[in-house]
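[1] I would like the atomic coordinates for the input below:
(one chain, ligands or ions: 1)
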Amino acid sequence: MDIGIVSVVLYSVALVPIALSVAFVLLLLKTFTGKSLRSSKYPPVHGTVFGQLFYFNRLYDYQTGVAKRTTTFRILAPDQSEIYTADPRNVEHILKTNFEKYTKGEYNKDIVKDLFGEGIFAVDGEKWKKQRKVASFEFATRVLRDFSCCVFRQNSAKLVKVVEELSAASEGFDMQDLLMRCTLDSIFKVGFGVELNCLEGSSKEGRAFMKAFDEASALIYWRYADPSWKLKRLLKIGSEARLRKNIKLVDNFVHQLIRTKRNQLPAQRECNDKEDILSRFLLESEKDPETMNDKYLRDIILNFMIAGKDTSASTLSWFLYMLCKHPLVQHKIVDEIKDAIGDQASEANPYCFVERITDPVLDRMHYLHATLTETLRLYPAVPLDGRCAETDDVLPDGFHVKKADGVYYLAYSMARMHNLWGEDAEDFKPERWLKDGIFQIESPFKYVAFHAGPRICLGKDFAYRQMKIVSIALLHFFRFRLADETRPVTYKVMFTLHINNGLHLRAVPRLAT
Ligand code: HEM
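    Here you go, the predicted structure:
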């Protein structure tokens, strides 16, 4: 080889580390300058976003440790500060009192755009208002309530059948995976009028879709901790290459679904059958076809999916985990089921049994409601959430915020704060929600699992109904315990609080014993 070419190659190779070091120093300078580090007006600094990589797997517990010492603190990012708070006054301030001043922000939108697009979770202003209006109307209808309860009952009975088969095998099974499949089937039926049959495993396509969707969500979340994600996306390498592949699979599946629904719409209109949420948006789209095109509908679908599937399934997983750890609570719920359902509680056919789970039965079950709520307090499905400041501001605790700073509320950490929940804050105690056996509500700014203010979760009642129906059906038929008591159960850091590597349980049939 020509000696000149060899020298050029050697020089170039030697330059790479130098260029990387310069870029790193510039990034650090950018991160530390212009942030008023010494001013006590701003929340105290506890590291940088790069430092988060070192404790990423236990992020929420790390944040809890810091919040117990400093209720409001800052993490530095290259372009802005990320303010974290566990103070309910600040939560109320950003989510309600000063709603207009705090938005999803360009930084967050940039990160989630490839998967969430312009769905309700990712947008602000008019686009949000429009989606919220149509969806709120839909959620308030009796039709949706009755239709969804019917779907939940059917899918709960199917779940009981699947667990029955698995309980016969001696090894444990992954309950979280079953719950994810069950809630995915339910949200597909209620949201889009489609029978996915993911739970029973008959739809290979459905399962491939679910896997791609889950991987895409986790990879999108990783962007918050990976400063090189934009470069990787440009070069189509590493985590960004995997993300791209998964999003493509998800998109193909969803676009096919939209085409099918569009074709079915005229027939649905004739028989007045438009119970599902997508049909409602499709009808809306006829008024404004340019804005509400297939891409827009794809975004709506995916946003409802992430809202409806992961949140309820992961909460039910943590709920069952808690019941395994607290057998007395499991016992009390089973007693309550017997009391609420009455003399038909011995029904052995799951499809007949679920028909007994009526609205009055659900309303009578205060202890179950309290146990689900206590689960969500300690294991909030959305453990960390926040907004971006549109202007300079001052929080109720006196700390200043600069325009473009992120302000996040620590739902997971707030549950563990003694000043909010007492000395037993870390303990699992459904009783804390009951007075004379009646469920008591809390301020949504302290118990913030469902968010609060104008953007409070639209599916709260829907989620409680589903979780109650599924848990009544499961606990009526089985006693649950952990497959391996020694196996540690921890969370996976992503948008929703999944149990890392699943929840491995054994189920003992109750009626046979
Ligand atoms: C245990 C179950 C659930 C929990 C803990 C939960 C929690 C939340 C949280 C924290 C937010 C705020 C997210 C943000 O920052 O924008 C939210 C928003 C939302 N949730 Fe839920 N959710 C649950 C179930 C559901 C279900 C089943 C649905 C619908 C099928 C749903 C629909 C929505 C929608 C549409 C929004 C966006 C509201 C808006 O931006 O105006 N959620 N939820």
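
[2] Next up, the contacts around the residue of the stretch 401-513 of the chain found nearest the ligand.
    The minimum distance from the stretch 401-513 of the chain to the ligand, using C-beta to the nearest ligand atom, falls at G459 (2.1 Å). Just so you know, the C-beta spots here come from the backbone N, C-alpha and C atoms, and that holds for glycine as well. The contact partners of G459, taken as C-beta atoms under 8 Å, 6 or more residues apart in numbering, are 139, 307-308, 311.

[3] run the last query once more with 10 Å
    Counting by C-beta atoms under 10 Å, 6 or more residues apart in numbering, G459 touches 135, 139, 148, 187, 190, 304, 307-308, 311-312, 450, 465-466.

[4] ditto for F480
    Listed by C-beta under 10 Å, 6+ apart, the contact partners of F480 are 163, 167, 175, 320-321, 323-324, 327, 330, 474, 503, 505-508.

[5] Neighbouring strands of the helix or strand encompassing it in the sheet, and parallel or not?
    F480 belongs to strand 478-482 when assigned by DSSP states H and E. In the sheet, strand 478-482 lines up against strand 504-509 (antiparallel) (DSSP bridges).

[6] got the buried residues for the strand it pairs with?
    Using 16 or more other C-beta atoms under 10 Å as the test for burial, strand 504-509 gives 504-507.

[7] roughly how far apart are Y224 and the ligand?
    Applying C-beta to the nearest ligand atom, to the nearest Å, the value for Y224 to the ligand is 14 Å.

[8] Pretty sure that residue sits against A218.
    No - between Y224 and A218 there is no contact under C-beta atoms under 10 Å: 11.5 Å.

[9] of the two, who's got more company?
    Comparing Y224 with A218 by neighbour count (other C-beta atoms under 10 Å), the higher total belongs to Y224, at 22 against 18.

[10] From L328, how far out is the more buried one?
    From Y224 across to L328, the span is 39 Å (C-beta to C-beta, to the nearest Å).

[11] when you scan stretch 278-286, is anything in it near the ligand?
    No - shown here: stretch 278-286 not in contact with the ligand (C-beta under 6 Å from any ligand atom), separated by at least 11.9 Å.

[12] Identify the residue nearest P78 in space, chain neighbours excluded?
    K30 (4.6 Å; C-beta to C-beta, 6 or more residues apart in numbering).

[13] wouldn't the one you found be in contact with V49 here?
    No - using C-beta under 10 Å, K30 makes no contact with V49, being 11.8 Å away.

[14] Between those two, which is the more surrounded one?
    A direct count of neighbours by other C-beta under 10 Å for K30 and V49 places V49 higher, at 18 against 14.

[15] dump the residue contacts of the nearest residue to the more buried one once chain neighbours are set aside.
    Leaving aside its sequence neighbours, V49 sits nearest to A77 (C-beta to C-beta, 6+ apart; 4.6 Å). For A77, the contacting residues are 30-31, 35, 48-50, 52, 107, 224, 227, 405-406, by C-beta under 10 Å, 6+ apart.

[16] just the buried members of those residues?
    31, 35, 48-50, 52, 107, 224, 227, 405-406.

[17] Turn these into JSON lines, columns for secondary structure and pLDDT.
    Listed next are the buried ones among the contacts of A77 as JSON lines, based on DSSP: H, G, I helix; E, B strand; the rest coil; pLDDT from 0 to 100:
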{"residue": "T31", "secondary structure": "helix", "pLDDT": "86"}
{"residue": "K35", "secondary structure": "coil", "pLDDT": "82"}
{"residue": "T48", "secondary structure": "strand", "pLDDT": "91"}
{"residue": "V49", "secondary structure": "coil", "pLDDT": "86"}
{"residue": "F50", "secondary structure": "coil", "pLDDT": "85"}
{"residue": "Q52", "secondary structure": "helix", "pLDDT": "85"}
{"residue": "Y107", "secondary structure": "helix", "pLDDT": "85"}
{"residue": "Y224", "secondary structure": "helix", "pLDDT": "83"}
{"residue": "P227", "secondary structure": "coil", "pLDDT": "79"}
{"residue": "D405", "secondary structure": "coil", "pLDDT": "95"}
{"residue": "G406", "secondary structure": "strand", "pLDDT": "95"}
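
[18] name the helices or strands packed onto the helix or strand encompassing D114?
    Using DSSP H and E, D114 sits within helix 105-116. Secondary-structure packing of helix 105-116 (3 or more C-beta pairs under 10 Å, 6 or more residues apart in numbering; DSSP states H and E): helix 204-222, helix 229-235, helix 238-270, helix 294-305, strand 385-389, strand 406-409.

[19] if we compare those, which one ends up closest to T375?
    Closest to T375 of the helices and strands packed on helix 105-116 is strand 385-389 (C-beta to C-beta; 17.8 Å).

[20] And the nearest residue to D114 once chain neighbours are set aside, how far from P396?
    The shortest distance from D114 to any non-neighbouring residue, by C-beta to C-beta, 6+ apart, is to I247 (6.0 Å). Separation of I247 from P396 (C-beta to C-beta): 40 Å.
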